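Student: let's see this in three dimensions:
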Amino acid sequence: MAEFAELSGISRPTVSKYFNDPGSVRKSTRIRIERALAKYDYRPNLFAVNLNRKRPKIIGVIVPDTSDMFYSEMVRHIERRCAQDGYFVLVLSSRGDALHEARSVETLLSLKIAGAIIAPLGAYTDATRMETLRAHIPVVYLDSSLQDGSPFVGTDNEQSIGLITDYLCRTGTPPSFFEMPAVNHNAAERRNAYVQAMERLGFQPEIITVAGRPDWRFEEIAYAEALQVIDGAGFPTSTVLCANDRIAVGVMAAAFQRGLKVGREADCRLRVAGHDDQPYSRFGCPPLTTVAQDFFRLGNLGVELLLAQVEGGESLQGQQQLRLEAQLMMRASA
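Tutor: Below you'll find the model as predicted:
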């Protein structure tokens, strides 16, 4: 910046002021700076500028899988909300692996950032590294908590699973539950919520378990497992509630492969429902009945909780555990 200021004949403080807020300098000066920028093709180094600030303007985000539409949609809302407050978002993926998650945490520790929003792996998370990160910067957990009282924003799985279980019991045969791999605490929470809802309604819970190590290839795993179920004794009931929408996609693909029509019509042999309402769920064949998590509020509240600590210096330990209600989305699959 010093070199650019010397070449352009404009003082460095004025150039710095322009980059912080172009509207804060006189129009004539702004025109001179912008002409010089075009002439010398100069751009300030974002990370260098951030290092020179007393209050950094970068928010770190770690999610298990950036290709998962649930998390990509969440990140989209986080980025939009952060941009409104002048923050840049740095997104890292743990790839659903505890080692990669620990490395992502180490990356954030090596940078000068304002805070972090993390969707942790839960039982497989390196708690010691997370505590080290939280000792340096404010952290808010999103979607899956570490169940340690830390600031957290997620969906109320008891409410969401109870809502769709009740709907399925009222409109047809009671559902069996096709669980998801135990990749985070949501897996156990949703399975337990299903059992509680079925017992409350007076029905016998029927759980289709998924064997093997935690794995984020939900569609592939559900497809293979569902084929085994269909080719064996069959599903315990003619209604299947899946732990998430991606599991439901695999189950419906297996049903199609074996000629089982999915839907609510009289000639359908199977009803399938999911959880999350990922963006593609409404465009399936048939469109998927599910419960919708509020992506907009999840992302916004996560940022608001974090900025309350970053900008206000508020300590939220044990005070903010926000669980949002989901909305039933009734479509043709169930």
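Student: break the chain into its domains for me.
Tutor: Using automatic domain parsing, the domains assigned to the chain come out as 2-44, 58-155+295-323, 157-292.
Student: tell me which of those sits nearest to residue 334.
Tutor: domain 157-292 (3.9 Å; CB to CB). (C-beta placed from N, C-alpha, C; glycine too.)
Student: roughly how far out does the closest one sit from the chain middle?
Tutor: Relative to the chain's own centre, domain 157-292 is displaced by 20 Å; criterion: CA atoms, centre = their mean, to the nearest Å.
Student: run a quick neighbour tally on residue 112.
Tutor: Look at residue 112: counted by other CB atoms under 10 Å, it has 12 neighbours.
Student: low-confidence ranges in the stretch 201-334 of the chain?
Tutor: 313-319 (pLDDT under 70).
Student: residue 294 - how many residues pack around it?
Tutor: Residue 294 is flanked by 16 other residues according to other CB under 10 Å.
Student: do the same with residue 258
Tutor: Every residue meeting other CB under 10 Å relative to residue 258 is counted, giving 15.
Student: likewise for residue 202?
Tutor: Residue 202 has 8 neighbours, counted by other CB under 10 Å.
Student: how far out from the middle of the chain is the helix or strand containing residue 36?
Tutor: Using DSSP states H and E, residue 36 maps to helix 27-40. Per CA atoms, centre = their mean, the displacement of helix 27-40 from the mean C-alpha position of its chain is 41 Å.
Student: what residues sit buried inside that helix?
Tutor: Buried residues in helix 27-40, counted by 16 or more other CB atoms under 10 Å: 32-33, 36-37.
Student: cool, and stretch 124-137?
Tutor: Residues of stretch 124-137 classed as buried: 124-126, 129-130, 133-134, 137 (neighbour count, 16+ other CB under 10 Å).
Student: what does that stretch rub up against?
Tutor: 98, 101-102, 105-106, 108-109, 113-116, 118, 120, 139, 146, 148, 150, 214 (CB atoms under 8 Å, 6 or more residues apart in numbering).
Student: redo the buried residues of stretch 124-137 as a markdown table? Include distance to residue 258 and secondary structure.
Tutor: As requested, the buried residues of stretch 124-137 are exported to a markdown table (distance: CB to CB, whole Å; DSSP: H, G, I helix; E, B strand; the rest coil):
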| residue | distance to residue 258 | secondary structure |
| --- | --- | --- |
| 124 | 34 | helix |
| 125 | 38 | coil |
| 126 | 42 | coil |
| 129 | 45 | helix |
| 130 | 44 | helix |
| 133 | 47 | helix |
| 134 | 48 | helix |
| 137 | 51 | coil |
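Student: closest to residue 43 out of those residues?
Tutor: Nearest to residue 43 among these is residue 137, at 26.7 Å by CB to CB.
Student: and the gap between the closest one and residue 116?
Tutor: Here the criterion is CB to CB, to the nearest Å. By it, residue 137 lies 6 Å from residue 116.
Student: shared neighbours, these two?
Tutor: With CB under 8 Å, 6+ apart, residue 137 and residue 116 have common neighbours residue 108.
Student: re earlier: list only those of the contacts of stretch 124-137 flagged as buried.
Tutor: Buried subset of those (neighbour count, 16+ other CB under 10 Å): 98, 101-102, 105, 108-109, 113-116, 118, 120, 139, 146, 150, 214.
Student: please identify which pair of those residues lies farthest apart.
Tutor: Maximum pairwise distance among the buried ones among the contacts of stretch 124-137 (CB to CB): 30.9 Å, between 114 and 214.
Student: of the buried residues of stretch 124-137, closest to residue 223?
Tutor: Nearest to residue 223, judged by CB to CB, of the buried residues of stretch 124-137 is residue 124 at 24.0 Å.
Student: returning to that earlier point: just the ones of the buried ones among the contacts of stretch 124-137 in strands?
Tutor: 115-116, 118, 139 (DSSP state E).
Student: would TSV of those with pLDDT and distance to residue 257 be doable?
Tutor: Shown next, in TSV, are those (pLDDT from 0 to 100; distance: CB to CB, whole Å):
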residue	pLDDT	distance to residue 257
115	95	46
116	96	42
118	95	37
139	94	43
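Student: same list, the residues you listed, but as CSV with distance to residue 174 please.
Tutor: Output for these, formatted as CSV (distance: CB to CB, whole Å):
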residue, distance to residue 174
115, 44
116, 42
118, 37
139, 40
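Student: can you tell me which of these is nearest residue 225?
Tutor: Proximity of those to residue 225, judged by CB to CB, is greatest for residue 118, which lies at 29.4 Å.
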